[in-house]
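Visitor: need the 3D shape of this:
(chains A and B)
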Amino acid sequence: MSEALAELRGVSRVYQKGKERVDVLHELDLDIPGGDFLAIMGPSGSGKTTLLNLLGGLDRPTNGTVTVGGAELSSMSNNQLSNWRATHVGFVFQFYNLLPVLTAQKNVELPLLLTNFNARERAERAAIALDIVGLSDRARHLPRELSGGQEQRVAIARAIVSDPTLLLCDEPTGDLDRGTADEILGLLQILNREHGKTIVMVTHDAQAAEFATRTLHVDKGQLESRAAA
Amino acid sequence: MKYFGLIWHNVWRKKIRTSLTILSVLVAFLLFALLNAVGQAMSTGGATTGAARLVVVDKVTIINFLPRSYQNKIAQVPGVAAVSHQSWFGGFYQDSRNQFPQFPVVPDEYLALYPEFVLPDEQLQAWKRNRTGAIIGRDLAELYELKIGDRIPIQSTIFTNKDGGRTWEFDIEGIFDTTDPKGGTAVLLFHYDYFAESNTFGDGFVGWYTLRLADGADPVEVANAIDEQFANSPNETRTSTEAAFAASFAKQFGNIALIVRMILGAVFFTLLLVAGNTMSQSVRERIAELAVLKTVGFRDGTVLGIVLTESILIMAIGGVLGLGLGWLAAQAIGSAMAMFVPGGIVISADIILLAIAVMIAAGLLSGVFPAVKAMRLSIVDALARG
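Guide: A predicted model of the protein is given here:
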């Protein structure tokens, strides 16, 4: 495993809910090596998703630093973070979050609208991404015409189409049956092993975590680690 | 342009809602085009300075007649090159809806005042030879499919002829064109002598005078000199430009410009509420999708631009359709209102440019609040709400 792709140092995240102060993450340190497939587990409200949001530059720490690929995210402006996300990170969500008005192909092309690729190049790259996830034959289908598993595959194709180093998956199988979930997890494993993607996956599902190379448990804003079986 | 596909699909996300909104925009811009065109046609004023022709009317109201004896006195005012008179005959052809201007005139005098009217000499001579002869403009000939040699009855709403009827028959002896691209020719001209001899009011009065200024004459000075000459007489005069005359004629029907502004103000206020509501709903129901756009790297400003463009696009689709329908309606209404607006109802380039500006402004106004909401969206909160 190579040197750390992502480093969190002394990261705390505090939310203010009305007059109440909620400490979600507390002085957390974490190194994620390049090529890692890390599962993060923990009870609801433990800070898993917050950790993922910080790694993806969707949120900023109250204290501490988040560095990914040498870029210190906490010091970036909103526009700089947008640019960084467009090229360095892909997101996969529990409920897929595809745009219902666009076909699978057009959903996958979305991140490429932010590049200088022309329409033909965007279409070619989207086709490759759909091919990787095994959905070439569904390119012209709208999300409502796809099964849950197929929708998640499209979401994964959208996440990898810009060829980011880091994939962040928030409960990617939380809405799928066991068989379909295993197919998706197998796909993530392939992306990790064969395409060199570093993957951080938040999950409640211990069986899903077994597909990762290691698992971290988050509880009350703190981390504990153990090697995957 | 690369975002256009995304914007287009978002606009049509709820087809019925978008169609109804576009329909309301269409109606608003149909009214916008039509009312502005009518208002422009009927309310065009003009400064006396720089005018080539002036019109002399009764000071109190243009409904009052002026003595025919004024013609020679006006002709003698320094700066007046030629003068003639016209009178409003107020007739219609076959049906009361077929109204257009008819004027009893003195042929040579009238045509000398309006050199833009082109009439072949043999037709002019034929008209002058025939006491009940008339000439019509090309617009009128085409509108009612009239041709030289036709005998047409005109029913006057004002003048009874000496046989006790109000139907006056005229022989069409000529059809004239105009060299003025903005000028209309939906008009019928007949002999004043025939009119004066045949109507029961008698001779000695006219509706108004039109005069052509001599080269270098100051229109303001000439107008003042004419009005001063008839001051304190039983028929005081008001001299102004032709455009101002047309405007005061139209004001018989009310303050057109004010009515137009009030109607359009109400229409567009309602339109902003309708379109604004559509955009607000559209943004509210796709909070998570907008968060996804931001997640994959769309900047706040780009999201703002996308929502605003959607709003402007809805206005543009409805607006262009409305202008198109307005143009068609203008053709039809222009014919029906030929009496009041001889030049027709024209959706001018000014109106189109103004409409485009209004489309953009209305699009921005109705889209700005939802767009700012989308721009300020917190990705984390939006995704958590799902």
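
Visitor: can you give me the helices in the stretch 201-350 of chain B?
Guide: For the stretch 201-350 of chain B, the helices defined by DSSP state H, counting those that start in this stretch occupy B:219-229, B:242-250, B:256-284, B:287-295, B:300-336, B:349-375.

Visitor: now the angle from the last one to helix B:300-336?
Guide: This points to helix B:349-375. Using axes from the mean of the first three to the mean of the last three C-alpha atoms, to 10 degrees, one finds that helix B:349-375 and helix B:300-336 are set 150 degrees apart in direction.

Visitor: residues of helix B:349-375 that come out buried?
Guide: Across helix B:349-375, burial judged by 16 or more other C-beta atoms under 10 Å in any protein chain shown covers B:351-352, B:355, B:358-360, B:362-363, B:365-368, B:370-371, B:373-375. Heads up, the C-betas are built off the backbone N, CA and C, glycines and all.

Visitor: for the longest one, same thing?
Guide: Of the residues in helix B:300-336, those buried under the neighbour-count criterion (16+ other C-beta under 10 Å) are B:300, B:302-323, B:325-327, B:329-330, B:333-335.

Visitor: how far off centre is it?
Guide: Distance, stretch centre to chain centre, for helix B:300-336: 21 Å (C-alpha atoms, centre = their mean, to the nearest Å).

Visitor: likewise for stretch A:75-87?
Guide: The answer for stretch A:75-87 is 16 Å, by C-alpha atoms, centre = their mean.

Visitor: need the contact partners of stretch B:257-264.
Guide: Residues outside stretch B:257-264 that contact it (C-beta atoms under 8 Å, 6 or more residues apart in numbering or on different chains): B:31-32, B:35-36, B:38-39, B:43.

Visitor: now for these, which sits with the most neighbours around it?
Guide: residue B:32 (26 neighbours; other C-beta atoms under 10 Å in any protein chain shown).

Visitor: please tell me I have it right and it contacts residue B:359.
Guide: No: counting by C-beta atoms under 8 Å, residue B:359 is not a contact partner of residue B:32; they are 9.5 Å apart.

Visitor: ok, then the element right after whatever helix or strand residue A:109 lives in?
Guide: Per DSSP states H and E, residue A:109 falls inside helix A:104-109. Proceeding N to C from helix A:104-109, the next assigned helix or strand is helix A:119-132, under DSSP H and E.

Visitor: does chain B sit close to stretch A:104-113?
Guide: Yes: applying C-beta under 8 Å from any C-beta of the partner chain, one finds stretch A:104-113 in contact with chain B at A:106, A:110-111, A:113.

Visitor: thinking again about what came up before, weakest of the helices of the stretch 201-350 of chain B by average pLDDT?
Guide: Among the helices of the stretch 201-350 of chain B, helix B:242-250 has the lowest mean pLDDT, at a mean of 67.

Visitor: which helix or strand contains residue A:66?
Guide: Here residue A:66 is assigned to strand A:63-68, by DSSP H and E.

Visitor: distance between that strand and the chain's centre?
Guide: Relative to its parent chain, strand A:63-68 has a centroid offset of 17 Å by C-alpha atoms, centre = their mean.

Visitor: so residue A:214 is in contact with residue A:41, correct?
Guide: No: applying C-beta under 8 Å as the test, residue A:214 and residue A:41 come out as separate, 11.1 Å apart.

Visitor: who has more neighbours, the two?
Guide: residue A:41 (20 against 17).

Visitor: so the more buried one bridges to which residues?
Guide: For residue A:41, the beta-bridge partners are residue A:217 (DSSP bridges).

Visitor: ok now do it, which residues does it touch?
Guide: Residue A:41 sits next to A:48, A:202-204, A:206, A:209, A:215-218 when contact means C-beta under 8 Å, 6+ apart.

Visitor: find the nearest non-adjacent residue to the residue in the stretch 151-300 of chain B that chain A sits nearest to, please.
Guide: Of all residues in the stretch 151-300 of chain B, the one sitting closest to chain A is residue B:297 (2.6 Å; C-beta to the nearest C-beta). With sequence-adjacent residues excluded and distances taken as C-beta to C-beta, 6 or more residues apart in numbering or on different chains, residue B:297 is closest to residue A:86, at 2.6 Å.

Visitor: helix/strand/coil for the one you found?
Guide: helix (DSSP: H, G, I helix; E, B strand; the rest coil).

Visitor: that one reaches residue A:159, doesn't it?
Guide: No: Residue A:86 is beyond contact range of residue A:159, at 11.9 Å (criterion: C-beta under 8 Å).

Visitor: who has more neighbours out of these two?
Guide: The neighbour comparison of residue A:86 against residue A:159 (other C-beta under 10 Å) goes to residue A:159, with 28 against 20.

Visitor: now do that one against residue B:239, distance only.
Guide: Relative to residue B:239, residue A:159 is positioned 80 Å away (C-beta to C-beta, to the nearest Å).

Visitor: repeat that for residue B:207.
Guide: Counting by C-beta to C-beta, the gap between residue B:207 and residue B:239 amounts to 14 Å.

Visitor: looking at these two, which is more packed in?
Guide: Between residue B:207 and residue B:239, counted using other C-beta under 10 Å, the more crowded position is residue B:239 (28 against 18).

Visitor: quick check: pLDDT value at that one.
Guide: Residue B:239 carries a pLDDT value of 92.

Visitor: is it bridged to anything, and to what?
Guide: residue B:56.

Visitor: spit out the contact partners of it.
Guide: Shown in contact with residue B:239 (C-beta under 8 Å, 6+ apart): B:54-57, B:222-224, B:226-227.

Visitor: ok, residue B:212 next?
Guide: With contacts defined as C-beta under 8 Å, 6+ apart, residue B:212 is in contact with B:52-53, B:80-83, B:112-113.

Visitor: one more time with 10 Å, if that's ok
Guide: Shown in contact with residue B:212 (C-beta atoms under 10 Å, 6 or more residues apart in numbering or on different chains): B:52-54, B:80-84, B:112-115.

Visitor: which residue would you name as the spatial centre of chain B?
Guide: residue B:41 (2.3 Å; C-alpha atoms, centre = their mean).

Visitor: mark which of the contacts of residue B:212 are buried, thanks.
Guide: The neighbour count (16+ other C-beta under 10 Å) marks B:53-54, B:80, B:83-84, B:113-114 as buried among the contacts of residue B:212.

Visitor: just those: which are in helices?
Guide: Assigned to helices by DSSP state H, the following of those qualify: residue B:113.

Visitor: just the closest of the buried ones among the contacts of residue B:212 to residue B:198, please.
Guide: residue B:84 (19.7 Å; C-beta to C-beta).

Visitor: could you list the buried residues of the strand or helix carrying residue A:27?
Guide: Using DSSP H and E, residue A:27 sits in strand A:20-33. The neighbour-count check on strand A:20-33 (16+ other C-beta under 10 Å) flags A:24-26, A:28, A:30, A:32 as buried.

Visitor: could I get those residues as JSON lines with distance to residue B:180 and pLDDT?
Guide: Below are the buried residues of strand A:20-33 laid out as JSON lines (distance: C-beta to C-beta, whole Å; pLDDT from 0 to 100):
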{"residue": "A:24", "distance to residue B:180": "78", "pLDDT": "91"}
{"residue": "A:25", "distance to residue B:180": "80", "pLDDT": "93"}
{"residue": "A:26", "distance to residue B:180": "85", "pLDDT": "91"}
{"residue": "A:28", "distance to residue B:180": "83", "pLDDT": "92"}
{"residue": "A:30", "distance to residue B:180": "82", "pLDDT": "93"}
{"residue": "A:32", "distance to residue B:180": "80", "pLDDT": "95"}
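
Visitor: burial measure for residue 12, as a count.
Guide: Just going to use chain A. For residue A:12, using other C-beta under 10 Å, the count is 15.

Visitor: to clarify, I was referring to chain B.
Guide: Number of residues near residue B:12 (other C-beta under 10 Å) recorded here: 11.
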